[in-house]
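Peer 1: Any chance you can model this:
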Amino acid sequence: MKLYKYMLASLLLSCLFHYVVIMALGRIPFREPGKQFHEEEQTPIRPTVQVIDFRDLTQRSNRLPDDRNRPQDDPSLADATREAGAELIRKVLEKEQLLEPPPLPKLRFAGIAPAVLAPKLPDSAPPEPEATAPRPKIVELDFKDLPPERQARPSDLSPKLDRLDVTDLKLPSLLPHGPLTSSQGGEYSVAARQGNVPKFRVPTLGEADVAIPEGTGSQLDQPVPFLATTSPMQTERFMPGDLESGLIELSQPFDAFVNVDVLVHNDALRGGGYFKISITPKLESDSLRDIPKDTLLIIDHSLSISNDKFKQFQSAVIEALAYLNPKDRFNVVAFNDRPQPLFESFAPALAQPVQEGQQFVRKLRRGGMTDVFGSIAPFVQASNGEMSRPLNIFLLSDGQSTVNIYQADDFLRRMVGINPGNVSIYPFSVGSEANRELLDFLGYLNRGYNYHVAELANFRAQLVDYIATHSSLIINDLKYMAAGDVGKELYPKAIPHLYRRETLLIFGRFGPLDDELVLTLSGRDASGARRDLVFRRRYRDCLPAGPELPQQWAGQKILHLLAERTLIVEPQARVQLQREIRRVAAEHNVFVPY
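Peer 2: So this is what the prediction gives:
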């Protein structure tokens, strides 16, 4: 009996144990070895590759003001801000005792000064200090003391520095010599200067290389070479007759007015690498005068423009007109199926003409069909009649013609063909309805750029910001050249003019054997004189760039190749360019929608 009970208990325990084991094994997934190996082969681990639209790679970054913090959008807030700022400045000036005008100086006649050509004799007494303008005082405005409305507005800030106030009145002023005034009053001696001004004559060829003052006798036997700096690195000797005949043009360096920075990304697989050149005007560029230019704003007011978009066009132009350089001229053209200019010719950007332009834009109403080419081509072809005076055309349109429809390539070839060379076109577009292909290359092929924004709310700010930051032009018709084979891979090939508040970018690629970048830039200043810059930098001495630089270079090259394909008619050449575009895009993971 006991044996029977023992066997029954053992059987029950064994069944319970196996039941628990089977239930546990049922929860564990098992696969056949062959099937498991096959699935692992079908799902290998691959690196993630980001493909970027080349239009995003070539998009210029603009400083867009924050619309939410712009006091000028609310007139009452703007008035309050101006009053608070004026009161704060008045208190600072009053504290520094700068509101009281300085006493006028007294003058006394000190006789006749020595003749100009008289021999210099030793002075019996130390010379009197030269009269100079009042020594400047720096007025500091602490940012934290400004009203909240003023702090919200965009502004350039400088770090607070410890300053040393020197009270010695004999120190010269930092200001240029001007009227005889003094912060402490005083008395100055004035005298009349006598003497003959030396006259110069132009020698004959072979006599001397430079004009020599008459009456200097034996100096004619010692000719002085006439040297003119053609670049910061070399000089060239020539005869005065060459200069008068126009064979030689003097040039001046502008190295001191700009910073040239280079970032480098090394290519570990192929050798060599990529670089980005940034050309930024410095504070010293303020000594360069503004180059007068003309601005033409062309507004599409046809029915193809939505009502909301047209209101943005109007508000953008009305505000942008207030930021024109007073030295410039302007005109406004409204178009649908035909153009309607405000003035017969360009008007000075003064208060009265600007107000007329703003009133003209306010009265515009939507209507009619759209002829983009016929509405802007006459103004491009006619230009302003002055090749040394740049003309900037800002086109506000979606680029969609409803009459006289051209194929995009034909449209662009015609426009490039009628451009006399001093016209830059800047299309401004917004939204997905815009003809991006046409507008992108309309700007690129005419020394401009298409500024496209996706959101309608940002359109006005972008146009106003561009007009404001590009009102001061300092170097016109800027060109560049690089030594060696690296020059073949520099993009863009044509760069815009140099504005005081803009950074120009050039992207390039160098080979494994390349060691040094040598870049030459050349343009003209406000007087029409030639300005040159020569820049040298070894690649290994440059700061490193981020991993996005190869794609940025590829985007610029693709943009150039697409523009080149647009201008070519021969089918075989277009096919070759298309192959090169696809190769560069595939190599750098760039998406090309055109």
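Peer 1: so where is the chain shaky, pLDDT-wise?
Peer 2: By pLDDT under 70, the low-scoring segments of the chain are 1-6, 19-21, 24-50, 54, 56, 58-86, 96-138, 143, 148-249.
Peer 1: all helices of it, in order?
Peer 2: Taking DSSP state H as the criterion, the chain contains helices spanning 2-26, 33-42, 54-57, 75-95, 148-152, 240-245, 307-320, 351-362, 372-382, 408-418, 436-444, 459-469, 549-567, 571-588.
Peer 1: Most tightly packed of those?
Peer 2: Most buried of these, by mean neighbour count (mean count of other CB atoms under 10 Å): helix 436-444, with a mean of 23. Just so you know, the C-beta spots here come from the backbone N, C-alpha and C atoms, and that holds for glycine as well.
Peer 1: got the angle for it vs helix 408-418?
Peer 2: With axes from the mean of the first three to the mean of the last three CA atoms, to 10 degrees defining the directions, helix 436-444 sits at 20 degrees from helix 408-418.
Peer 1: now helix 436-444 against helix 372-382, angle please.
Peer 2: Interaxial angle, helix 436-444 versus helix 372-382 (the same axes, to 10 degrees): 10 degrees.
Peer 1: The helices of the chain: which one's closest to Asn336?
Peer 2: The closest of the helices of the chain to Asn336 is helix 372-382. By CB to CB, the value is 7.8 Å.
Peer 1: mind checking which of the helices of the chain is nearest Ser424?
Peer 2: Nearest to Ser424, of all those, is helix 436-444, at 8.3 Å by CB to CB.
Peer 1: The closest one - contacts with which helices or strands?
Peer 2: Where contact means 3 or more CB pairs under 8 Å, 6 or more residues apart in numbering; DSSP states H and E, helix 436-444 is packed against helix 408-418, strand 423-430, strand 451-453, helix 549-567.
Peer 1: Could you dump these into a markdown table with distance to Thr295 added?
Peer 2: Putting the helices and strands packed on helix 436-444 into a markdown table (distance: least, CB to CB, whole Å) gives the following:
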| stretch | distance to Thr295 |
| --- | --- |
| helix 408-418 | 19 |
| strand 423-430 | 10 |
| strand 451-453 | 15 |
| helix 549-567 | 24 |
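Peer 1: Lys293: which of these is closest?
Peer 2: Of all the helices and strands packed on helix 436-444, it is strand 423-430 that lies closest to Lys293, at 9.4 Å by CB to CB.
Peer 1: what sits up against the closest one?
Peer 2: For strand 423-430, contacts defined as CB atoms under 8 Å, 6 or more residues apart in numbering pick out 309, 312, 316, 376, 380, 383, 390-399, 415, 435-436, 439, 442-443, 446-456, 458-459, 462-463, 466, 496-497.
Peer 1: Within the sheet, what are the partner strands of that strand, with directions?
Peer 2: Taking DSSP bridges as the criterion, strand 423-430 forms sheet pairs with strand 391-396 (parallel), strand 451-453 (parallel).
Peer 1: quick check: angle from the longest one to helix 459-469?
Peer 2: Angular relation of strand 391-396 and helix 459-469 on a 0 to 180 degree scale: 170 degrees, by the same axes, to 10 degrees.
Peer 1: any idea how far Lys276 is from Val590?
Peer 2: Distance of Val590 to Lys276, given as CB to CB, to the nearest Å: 17 Å.
Peer 1: hmm, I was thinking of Leu445
Peer 2: Counting by CB to CB, the gap from Leu445 to Lys276 is 23 Å.
Peer 1: Check the gap between Arg500 and Ser401 for me.
Peer 2: Noted for Arg500: a distance of 36 Å to Ser401, by CB to CB.
Peer 1: And for Pro550?
Peer 2: 38 Å.
Peer 1: Repeat that for Leu8.
Peer 2: In terms of CB to CB, Leu8 sits 98 Å off from Ser401.
Peer 1: got the domain boundaries for this structure?
Peer 2: Structural domains annotated on the chain: 205-249, 294-471, 547-594, as defined by automatic domain parsing.
Peer 1: Can you give me the end-to-end span of the longest one?
Peer 2: Yep, that's domain 294-471 we're talking about. One end of domain 294-471 to the other measures 10 Å (CA to CA, to the nearest Å).
Peer 1: Which among the helices and strands packed on helix 436-444 is found nearest to Phe360?
Peer 2: Using CB to CB, the helices and strands packed on helix 436-444 put strand 423-430 closest to Phe360, at 18.4 Å.
Peer 1: what's the angle between that closest one and helix 307-320?
Peer 2: If you take the same axes, to 10 degrees, strand 423-430 sits at 140 degrees to helix 307-320.
Peer 1: export strand 423-430 as CSV, just CAs?
Peer 2: Output of strand 423-430 as CSV, limited to C-alpha atoms (Å, rounded to 0.1, in the frame of the first residue of the first chain):
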residue,chain,number,x,y,z
VAL,A,423,21.9,95.2,-63.9
SER,A,424,21.5,92.9,-60.9
ILE,A,425,18.1,91.2,-60.5
TYR,A,426,16.8,90.1,-57.1
PRO,A,427,13.5,88.1,-57.4
PHE,A,428,11.6,87.9,-54.1
SER,A,429,9.0,85.0,-54.0
VAL,A,430,6.9,83.3,-51.3
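Peer 1: wait, what's in contact with the spatially closest residue to Tyr480 that is not a sequence neighbour?
Peer 2: Once flanking residues are discounted, Tyr480 sits nearest to Leu521: 4.8 Å by CB to CB, 6 or more residues apart in numbering. Going by CB under 8 Å, 6+ apart, Leu521 touches 279, 478-480, 532-533, 535.
Peer 1: Switch these over to a markdown table; also include distance to Lys327 and neighbour count.
Peer 2: Below are those laid out as a markdown table (distance: CB to CB, whole Å; neighbours: other CB atoms under 10 Å):
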| residue | distance to Lys327 | neighbour count |
| --- | --- | --- |
| Ile279 | 23 | 22 |
| Leu478 | 19 | 20 |
| Lys479 | 24 | 11 |
| Tyr480 | 26 | 20 |
| Asp532 | 25 | 18 |
| Leu533 | 24 | 22 |
| Phe535 | 30 | 19 |
